[in-house]
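Visitor: Provided below are the primary sequence and the corresponding predicted coordinates.
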Amino acid sequence: MPSNFSVPKLLPGLAAAAGAVVVCLALHRLLPGIPVLTAAVVLGLLAGNLPGTAAAVAGSWKPGLTLAAKKFLRLGIVLLGLKVSLLDIAGLGWLSIVLIVLLVGFSFGVTYLVCRAFRLPGEEPVLIASGFSICGVSAIGAVAAARRLRPEQTAVPVAMVTMFGTFAIGVLPLLSALLGLPAEVFGFLSGAAVHDVGQVVATAQTAGTAALALAVVVKLVRVLMLAPVSALAGLHHRRRSGSEGKLPPLVPLFVAGFLGAVVLRTLGFLPADALSAAATVQDLLFAAALFGLGTSVNVRRLVRSGGPAAAASLVSWTIIVGASLALALLLVPVS
């Protein structure tokens, strides 16, 4: 470990991240409508931009927050694999699986094109497309690693997937009530159109256990696309970079760990208590990572550049919701 990241230098930032996670959990307990991950991003934004804490974020907290934003996110992605059972996915049937995978490809393509049409800079189009089509912040982290991007380059995409994933928790149940959707159709829609797994659960559970069960399995098909999409992102980066210099691995090590966790869950080696504990640790790691990422965002710069990103994200998400609803009505039997 480099001297800049020795344990004593890491402790202040890690302590700040841990304190932020405690605050977010307490806030979520008091106000369940506020997701923990959303609260973590907002708290990070405040910490990184308010005069009282901004100096600490840029100074003594920086090594620990950088570690949290990068390494904790990757560890959380590995643990995310323990939620994916290939047996559960197989229960959907091959036609549903193929169409969901095609929906992921469509969502990625349309989001990328919309972001390019809005002239979003740099890697933002591919990162937002990854987050919207697969699994939110996890996909952004995997693709960013495959393309060797710095954490601050992911700030706007993370803000967009967090904002619209939270937006979905309130909007999709209202849309369902307006259209009179059956519970299973709403569950499929939630699993196909909402970003992070936690946001899918928060959205789908409003329609009952049947909707929640289907939503989670549909979502897991999308999560499984994390590995091939990050590999394609890495391959594109290699070709664009040429043969000069040290290239990143085609599949980052933590994505391989994610695949290993998927196999472990599918084989059924771990007891339910261990899976529940892993899910809790994953949530804590993601919250700490998003707090760290939030502190790296310059709010003034985000306000200046975030308008086009928000507009592009709204257009993309609306198209994805429409396509997901059409697929749900096609595939889910309505009694």
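Guide: Thanks, I have it. Residues are numbered from 1 along each chain as shown.
Visitor: Show me which parts of the helix or strand hosting V218 are buried, residue by residue.
Guide: Using DSSP states H and E, the element containing V218 is helix 209-224. Of the residues in helix 209-224, 211-212, 214-224 count as buried by neighbour count, 16 or more other CB atoms under 10 Å. Where you see a C-beta, it was placed from the backbone N, CA and C, and this is true even at glycine.
Visitor: again, but for stretch 263-271
Guide: 265-266.
Visitor: what's the distance between it and the middle of its chain?
Guide: 23 Å (CA atoms, centre = their mean, to the nearest Å).
Visitor: Over to stretch 144-157?
Guide: 13 Å.
Visitor: Alpha carbons of that stretch, as CSV, please.
Guide: C-alpha atoms of stretch 144-157 as CSV (Å, rounded to 0.1, in the frame of the first residue of the first chain):
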residue,chain,number,x,y,z
ALA,A,144,-15.5,2.6,-15.1
ALA,A,145,-12.9,0.0,-13.9
ALA,A,146,-12.8,-1.7,-17.3
ARG,A,147,-12.1,1.6,-18.9
ARG,A,148,-9.7,2.9,-16.2
LEU,A,149,-11.7,5.9,-15.3
ARG,A,150,-11.2,8.0,-12.1
PRO,A,151,-14.0,8.1,-9.5
GLU,A,152,-14.7,11.8,-10.2
GLN,A,153,-15.5,10.9,-13.8
THR,A,154,-18.4,8.8,-12.6
ALA,A,155,-19.9,11.6,-10.5
VAL,A,156,-22.6,12.8,-12.9
PRO,A,157,-23.7,9.2,-14.0
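Visitor: just checking, what packs against the lowest-mean-pLDDT helix or strand in the chain?
Guide: None of the helices or strands of the chain scores lower by mean pLDDT, DSSP states H and E than helix 226-241, at a mean of 79. Helix 226-241 sits against helix 124-130, helix 137-146, helix 253-267, with contacts defined as 3 or more CB pairs under 8 Å, 6 or more residues apart in numbering; DSSP states H and E.
Visitor: export those helices to JSON lines and tack on distance to V36?
Guide: What follows is the helices and strands packed on helix 226-241, written out as JSON lines (distance: least, CB to CB, whole Å):
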{"stretch": "helix 124-130", "distance to V36": "22"}
{"stretch": "helix 137-146", "distance to V36": "12"}
{"stretch": "helix 253-267", "distance to V36": "21"}
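Visitor: what about those helices, which gets the closest to T206?
Guide: Closest approach to T206 among the helices and strands packed on helix 226-241 is made by helix 137-146 (22.2 Å; CB to CB).
Visitor: what does that closest one rub up against?
Guide: With CB atoms under 8 Å, 6 or more residues apart in numbering as the contact definition, helix 137-146 has outside contacts at 37, 73-74, 76-77, 80, 123, 126-127, 130-131, 133, 151, 153-154, 157-158, 161-162, 195-196, 223, 226, 229-231, 233-234, 237, 248, 250-252, 254-255, 258, 286, 289-290.
Visitor: swap in stretch 324-335?
Guide: 95-96, 99-100, 103, 182, 184-186, 188-189, 192-193, 214.
Visitor: what do you get for stretch 176-191?
Guide: 168, 172-173, 175, 200, 203-204, 207-208, 210-219, 222, 321, 324-325, 327-329, 331-335.
Visitor: what's around G234, how many residues?
Guide: Close neighbours of G234, defined as other CB atoms under 10 Å, add up to 23.
Visitor: Now it. Nearest residue, chain neighbours left out?
Guide: A146 (3.6 Å; CB to CB, 6 or more residues apart in numbering).
Visitor: number of nearby residues for the one you found?
Guide: There are 25 residues near A146, going by other CB under 10 Å.
Visitor: Can you give me the distance of it to L87?
Guide: According to CB to CB, to the nearest Å, A146 and L87 sit 28 Å apart.
Visitor: Distance to G307 and mean pLDDT added to the helices and strands packed on helix 226-241, as a markdown table?
Guide: Formatted as a markdown table, the helices and strands packed on helix 226-241 follow (distance: least, CB to CB, whole Å; pLDDT from 0 to 100):
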| stretch | distance to G307 | mean pLDDT |
| --- | --- | --- |
| helix 124-130 | 13 | 94 |
| helix 137-146 | 20 | 89 |
| helix 253-267 | 32 | 91 |
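Visitor: Restricting the selection to alpha carbons, write stretch 82-95 to PDB.
Guide: The C-alpha atoms that make up stretch 82-95 are tabulated as PDB, following Å, rounded to 0.1, in the frame of the first residue of the first chain:
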ATOM      1  CA  LEU A  82     -24.700 -13.700  -4.000                       C
ATOM      2  CA  LYS A  83     -28.100 -12.400  -4.800                       C
ATOM      3  CA  VAL A  84     -28.100 -14.000  -8.300                       C
ATOM      4  CA  SER A  85     -29.200 -17.600  -8.600                       C
ATOM      5  CA  LEU A  86     -29.100 -19.100 -12.100                       C
ATOM      6  CA  LEU A  87     -31.900 -21.500 -11.100                       C
ATOM      7  CA  ASP A  88     -34.200 -18.700 -10.200                       C
ATOM      8  CA  ILE A  89     -33.500 -17.000 -13.500                       C
ATOM      9  CA  ALA A  90     -34.000 -20.300 -15.400                       C
ATOM     10  CA  GLY A  91     -37.500 -20.400 -13.900                       C
ATOM     11  CA  LEU A  92     -38.500 -17.500 -16.100                       C
ATOM     12  CA  GLY A  93     -38.200 -19.600 -19.300                       C
ATOM     13  CA  TRP A  94     -35.800 -19.200 -22.200                       C
ATOM     14  CA  LEU A  95     -38.100 -16.800 -24.100                       C
END
